[in-house]
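K.L.:
The following block contains a protein sequence and its predicted model.
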Amino acid sequence: MPEISRFVAGAVVVGIAATVLLDLIAMARQRLFGTPLPDYSLVGRWVGHMHRGRFRHPAIGSAPPVRGEAVIGWTVHYLTGIGFAGVLLGIWGIQWWRAPTLAAALIVGVGSVAAPFLLMQPAMGAGFAASRTADPWGARLRSLTTHVTFGVCLYATAWATRGLVFPG
């Protein structure tokens, strides 16, 4: 298999599998500890307003709903997982998938928390690193926990799926 095909396959397979595993863990955390589930329809609402030229909102929950926002939000969620798996493979190379390391996956997982802290939360009205929320430190801890968990999911799913492209 050509190297670019392995890269794309790795980003798609590991990204989707890690995101599915992350979502299953989020559901378990919600059942066991009452941790709120992320509302990806609000991400869809934010993205849905972009084609109208609106990239920033004082409070995304108060913005008018967008047709298909849940589908848009979940699609963005999974494409983001693929994108971060691609970042991981881009930095450490496709050989990382053959012999995944937890450290590399955690670096990407922890680094990925920059997306909500610096881009999404400010643009959706929650402020830099959730500073405008009712419980900023609680929101930050939940975000960091989720992104560390995503790093672990990247590692676990790469380990579990490495034989798809690197048999033997």
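P.N.:
Noted; the coordinates are in hand.

K.L.:
how about the CA coordinates for the helix or strand of the chain with the lowest mean pLDDT, as PDB?
P.N.:
Ranking every helix and strand in the chain by mean pLDDT, DSSP states H and E puts helix 95-98 at the bottom, with a mean of 92. Below are the C-alpha coordinates for helix 95-98, written out as PDB (Å, rounded to 0.1, in the frame of the first residue of the first chain):
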ATOM      1  CA  GLN A  95       5.300   4.100  11.400                       C
ATOM      2  CA  TRP A  96       3.700   5.300  14.700                       C
ATOM      3  CA  TRP A  97       0.600   3.300  13.700                       C
ATOM      4  CA  ARG A  98       2.800   0.200  13.500                       C
END
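
K.L.:
Pull out the buried positions in that helix.
P.N.:
Buried residues in helix 95-98, counted by 16 or more other CB atoms under 10 Å: Trp96, Trp97. All C-beta atoms are positioned from the backbone trio N, CA, C, and that covers glycine.

K.L.:
ok, residues contacting it?
P.N.:
Arg6, Gly10, Val14, Leu88, Leu89, Ala104, Ala158, Thr161, Arg162, Val165, Phe166 (CB atoms under 8 Å, 6 or more residues apart in numbering).

K.L.:
before we move on, what about stretch 159-168?
P.N.:
Met1, Arg6, Ala9, Gly10, Val13, Val14, Ala17, Trp97, Arg98, Ala99, Pro100.

K.L.:
Buried only: go through the residues you listed for me.
P.N.:
Applying 16+ other CB under 10 Å to the contacts of stretch 159-168 flags Arg6, Ala9, Gly10, Val13, Val14, Ala17, Trp97, Pro100 as buried.

K.L.:
Point out where this structure drops to low pLDDT.
P.N.:
Scanning the chain with the threshold set as pLDDT under 70 gives 1, 166-168.

K.L.:
Look at Leu118 and say how many residues are nearby.
P.N.:
Neighbour count of Leu118, defined by other CB atoms under 10 Å: 12.

K.L.:
no no, Thr145
P.N.:
14.

K.L.:
Check the gap between it and Ala9 for me.
P.N.:
29 Å (CB to CB, to the nearest Å).

K.L.:
After the lengthiest helix in the chain, heading C-terminal, what element do we hit next?
P.N.:
Counting by DSSP state H, the longest helix found in the chain is helix 3-33. Using DSSP states H and E, the helix or strand that follows helix 3-33 towards the C-terminus is helix 40-50.

K.L.:
I'd like the distance from stretch 103-123 to the chain centre, please.
P.N.:
From the chain centre to the centre of stretch 103-123 is a distance of 8 Å (CA atoms, centre = their mean, to the nearest Å).
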